[in-house]
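Engineer: no sequence on this one, just coordinates:
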């Protein structure tokens, strides 16, 4: 439903969501949590409260995201971009710190440790959100977890989106086949 609200539809929406699920696992404890983080981020991004926070700063959030979709852009990427640009403008120091947190968290390979680290920094992350005037969005640590994942993995996300669109990996193999092989290796 979130994608429809943002103006994403059909195949594009499916492609976007499946690529993002993979990115979400970069800061999550597991697949269920990754799905939850992404869902929370989208629900916060499209919430009345977040829209109000943006309106106070003179940005009509949902119309901006729908306009991005109409121009053939990815509305979620546009949302992440708007959030980060906003933080950078309102609280440049907070933006730097968030980027640093994203890098440090992404560097932790163990998902359980990664989760613990995010929880440990919860208070600090919320303060950064408050400094930027986006308290609502930053109150939800699962939403923030997804935001950090997308911030940290933008290049990989672009590659995944391209792979899923064409249906083949960089090595020319079908994405679905490669993914199936990867999943069955662990069994």
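Structural biologist: That came in fine, so what should we check first? Computed from a predicted model, the values in this text were never measured in an experiment. Numbers count the residues shown, from 1 in each chain.

Engineer: what comes into contact with stretch 100-116?
Structural biologist: When contacts are taken as CB atoms under 8 Å, 6 or more residues apart in numbering, the neighbours of stretch 100-116 outside the stretch itself are 25-30, 33, 117-118, 121, 124-125, 148-149, 151-153. C-beta here means a position set from N, CA and C on the backbone, and glycine is covered the same way.

Engineer: make it 6 Å
Structural biologist: Counting contacts by CB atoms under 6 Å, 6 or more residues apart in numbering, the residues outside stretch 100-116 that touch it are 27, 29, 117, 118, 148, 151, 152.

Engineer: now those residues in a markdown table, with pLDDT?
Structural biologist: Formatted as a markdown table, the contacts of stretch 100-116 follow (pLDDT from 0 to 100):
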| residue | pLDDT |
| --- | --- |
| 27 | 82 |
| 29 | 79 |
| 117 | 89 |
| 118 | 87 |
| 148 | 90 |
| 151 | 88 |
| 152 | 86 |
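
Engineer: Let me have the residues you listed in a markdown table, extended by distance to residue 136.
Structural biologist: Converted to a markdown table, the contacts of stretch 100-116 look like this (distance: CB to CB, whole Å):
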| residue | distance to residue 136 |
| --- | --- |
| 27 | 20 |
| 29 | 24 |
| 117 | 23 |
| 118 | 18 |
| 148 | 17 |
| 151 | 18 |
| 152 | 22 |
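
Engineer: Show only the entries of those found in helices.
Structural biologist: Taking DSSP state H as the definition of helices, those contribute 117, 118, 148, 151, 152.

Engineer: among those, who's most crowded?
Structural biologist: Of all those, residue 148 has the most neighbours under the rule other CB atoms under 10 Å, reaching 25 neighbours.

Engineer: quick one: that residue and residue 18, what's the gap?
Structural biologist: If you measure residue 148 against residue 18 using CB to CB, to the nearest Å, the figure is 20 Å.

Engineer: Where does the prediction get shaky in this protein?
Structural biologist: For the chain, the stretches with pLDDT under 70 are 1, 3, 167-187.

Engineer: elements contacting the helix or strand hosting residue 21?
Structural biologist: Residue 21 is located in helix 10-24, with elements delineated by DSSP states H and E. Under the contact criterion of 3 or more CB pairs under 6 Å, 6 or more residues apart in numbering; DSSP states H and E, the helices and strands touching helix 10-24 comprise helix 31-45, helix 141-152, helix 154-166.
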